[in-house]
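**Student:** pasted the sequence and its predicted model underneath.
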Amino acid sequence: MADFAGAVAAMRARFTTNFTAAPASFQNEDPPQQPWPPNSPASPWVYFEVVETRNGLRGVGLPGNQAWLSVGYIYVNVFVPRGYGFADHLALAGQAVEVFRSQTFYNSEPGCCVRCWGENGEGPTIQGGDSAADDGNWFGVTVAIPFQFFYLK
């Protein structure tokens with residue numbers, strides 16, 4: 001039966017299969033290599049996370065066959081070394097956007113799927129890049145992809 005853990009696993013699988021432009025680290029896991037972040041020479045890297053912001057009953061039915069909806073964001077935090085160049089940084093972040101833009105997946109069960117757009121049709125955005133993003137050795141922007149996860153419970 002489809003659940004939130006499976007939906008997050010499907011999001012991660014989609015990302016790791018389709019985004020190869022930079023190494024990635026994930027929530028509550030050790031980095032994939034040492035040293036981390038990659039630093040010889042310093043190169044871009046990303047931090048992938050999924051945050052649920054709301055969950056509620058979406059449709060009526062008998063228990064076990066009620067439609068539920070979880071919404072939230074997939075965040076891909078894209079870090080580049082200072083001096084990398086903002087246009088190239090945005091291009092790298094744009095590759096992460098395209099992995100999820102208007103995609104539907106994790107839909108092998110009737111009534112269950114992940115859709116990558118918000119409830120009002122909003123799509124992915126690239127946030128950040130302000131003066132607070134470059135106060136160290138790394139400059140970061142965040143790709144925010146709204147998702148909807150429909151499931152039966």
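**Tutor:** Alright, I've got the coordinates.
**Student:** who does the helix or strand of the chain with the lowest mean pLDDT pair up with?
**Tutor:** Lowest on mean pLDDT, DSSP states H and E among the helices and strands of the chain sits strand 125-128, with a mean of 89. According to DSSP bridges, strand 125-128 has the following sheet partners: strand 138-152 (antiparallel).
**Student:** report the buried residues of the least confident helix or strand of the chain.
**Tutor:** Within strand 125-128, the residues scored as buried using 16 or more other CB atoms under 10 Å are 126, 128. (Glycine included, C-beta is placed from N, CA and C.)
**Student:** who touches that strand?
**Tutor:** With contacts defined as CB atoms under 8 Å, 6 or more residues apart in numbering, strand 125-128 is touched by 90, 93-94, 97, 140-144.
**Student:** list just the nearest of these to Val60.
**Tutor:** Ala144 (31.7 Å; CB to CB).
**Student:** beta-bridge partners for the closest one, please?
**Tutor:** Counting by DSSP bridges, Ala144 is bridged to Tyr75, Thr125.
**Student:** what's the pLDDT at it?
**Tutor:** Confidence at Ala144, expressed as pLDDT, is 97.
**Student:** cool, and Asp130?
**Tutor:** Value for Asp130, per-residue pLDDT: 69.
**Student:** also Pro35?
**Tutor:** Among the per-residue scores, Pro35 holds a pLDDT of 86.
**Student:** returning to that earlier point: return the closest of the contacts of strand 125-128 with respect to Gly59.
**Tutor:** Among the contacts of strand 125-128, Ala144 lies closest to Gly59 (CB to CB), at 27.1 Å.
**Student:** state the distance from that closest one to Val78.
**Tutor:** Between Ala144 and Val78 the distance, using CB to CB, to the nearest Å, works out to 11 Å.
**Student:** these two - which one has more neighbours?
**Tutor:** Val78 (27 against 19; other CB atoms under 10 Å).
**Student:** which strand or helix spans the residue of the chain most remote from its centre?
**Tutor:** In the chain, counting by CA atoms, centre = their mean, Leu62 sits farthest out from the average C-alpha position, at 32.6 Å. Secondary structure from DSSP states H and E places Leu62 outside every helix and strand.
**Student:** that'll do, ta.
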